[in-house]
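Enquirer: quick one, structure for this:
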Amino acid sequence: MSLRHYIFLKDVLVLALTAFGGPQAHVAMMFKLLVDKRRYLTEKELIELNALCQILPGPSSTQTLTAIGFRLGGPNLAYLTLLVWVTPAFIFMTLAAITVSILQQNHISLHFARYIQPMAVGFVAMAAYKISSKVIESKTGVVLMVISAILSYFFRSPWVFPALLLSGGAVTAIKFKKHPLEANKKLRIDWSNFILFGLVLVAAAVLGSITKWRGLLLFENFYRNGTLVFGGGQVLIPLLYTEFVEFKKYLSSEEFLSGYALLQALPGPVFAFTPYIGALAMRHYGIGGQIIGSLAGTAGIFLPGTFLIFFVIRFWDELKKYRVVKASLEGINAVSSGMVCAAAILLYHPVESSFLNFGIVIATFCLLQWTRIPAPFIIIFGLLLGFVL
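Expert: Sure thing, here's the model as predicted:
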């Protein structure tokens, strides 16, 4: 690997340790670090990759980072990117599963993280502003952005996200004749990762049903959820609650909600909630069993999206050369902008409505827009403020 690759992995680790607030906030930090500071790719390239990942099932911010790693250094750097990005959250949530009962017994409150949520809204608002200012280039784009924001705000089904993105792309695809023809657009598709994706799904289901071992069953459960979930971690959470609390009763509702509250105070992907569930589901197998459960949850939830993005990213640049695809990107980017706008509003809903929290949102936005204060420092300040007050 080159020095640039090591620097990129260091930047990924910085994101893994400081990226609070879910996929939209993660993308905002990617803009600041990977685009503005390091220039690994352009703003439009990041937006296109993020939109592509939102069409696919799985954790969109994880897939976006992995795709960037692939573009910079091929499969090896992409796999290392995934490992570096996921490992801190895996460790945090595995330890959380072991310690959450101790926190409850000692009445230790998680209230110190109360200022992180409005800060995350500020990050998402900045992402919405930056994306819309860069990719909205026509009246059609404005209309699509507004419609997307309204629909994704009122209709929160996981299938709404890919449907909106594909619909937006179809609207602007009809203008394909405005784009010049490009030669040498030979599309070569390598099906190996797609085949691997399907084989793992079938093998996990078969082996789980034969052995009945909870570790394999957990892997199959999480892999299936990772295959079907569109729209990010916020969509995954209610599905996990239904399956593991209400149906299988591996966790109590108190344990589930305590873990989710703790997750809000931690950086990294929202999908990292799964090692917490996996570890608690295997608590009767001892510490070793809990680690196995945590690994099953992590591998199961992240592998499907990884296989799929590795499948698509290999021919994405060639696919974009087709005029219809190139024209559709205008609509996809506009719809993606609308989704981020809606996310900023939706993320504010769970935050207590007060002048202080609203002021934190505005202050975070202003700091990101008009100062050079690094995002991690802003987050650390919010945590310290929570401890002090």
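Enquirer: where in the stretch 251-389 of the chain is pLDDT low?
Expert: Applying pLDDT under 70 to the stretch 251-389 of the chain flags residues 258, 261-262, 264-265, 320, 350, 376.
Enquirer: now with 90, please.
Expert: The stretch 251-389 of the chain contains residues with pLDDT under 90 at 251-273, 280-290, 305-306, 308-354, 356-357, 361, 364, 368-369, 371-389.
Enquirer: likewise for the stretch 1-150 of the chain?
Expert: Applying pLDDT under 90 to the stretch 1-150 of the chain flags residues 1-4, 17-33, 35-39, 41-63, 70-71, 73-76, 79, 89-90, 92-141, 148-149.
Enquirer: longest helix of this protein?
Expert: Selection of the longest helix in the chain by residue count, based on DSSP state H, yields helix 60-105.
Enquirer: counting contacts, what elements does that one pack onto?
Expert: Where contact means 3 or more C-beta pairs under 8 Å, 6 or more residues apart in numbering; DSSP states H and E, helix 60-105 is packed against helix 3-18, helix 22-30, helix 43-55, helix 253-264, helix 273-281, helix 286-319. (Each C-beta comes from the backbone N, C-alpha and C, glycine too.)
Enquirer: again, 10 Å this time
Expert: Helix 60-105 is packed against helix 3-18, helix 22-30, helix 43-55, helix 233-240, helix 253-264, helix 273-281, helix 286-319, with contacts defined by 3 or more C-beta pairs under 10 Å, 6 or more residues apart in numbering; DSSP states H and E.
Enquirer: mind giving me CSV with these and columns for distance to I380 and mean neighbour count?
Expert: Formatted as CSV, those follow (distance: least, C-beta to C-beta, whole Å; neighbours: other C-beta atoms under 10 Å):
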stretch, distance to I380, mean neighbour count
helix 3-18, 8, 17
helix 22-30, 14, 27
helix 43-55, 25, 22
helix 233-240, 23, 18
helix 253-264, 16, 17
helix 273-281, 23, 29
helix 286-319, 26, 21
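Enquirer: now those helices in a markdown table, with distance to F219?
Expert: Shown next, in a markdown table, are the helices and strands packed on helix 60-105 (distance: least, C-beta to C-beta, whole Å):
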| stretch | distance to F219 |
| --- | --- |
| helix 3-18 | 23 |
| helix 22-30 | 23 |
| helix 43-55 | 23 |
| helix 233-240 | 14 |
| helix 253-264 | 19 |
| helix 273-281 | 9 |
| helix 286-319 | 4 |
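Enquirer: coming back round to it: so after the longest helix of the chain, what's the next helix or strand?
Expert: Following helix 60-105 in sequence order, the next helix or strand is helix 116-135 (DSSP states H and E).
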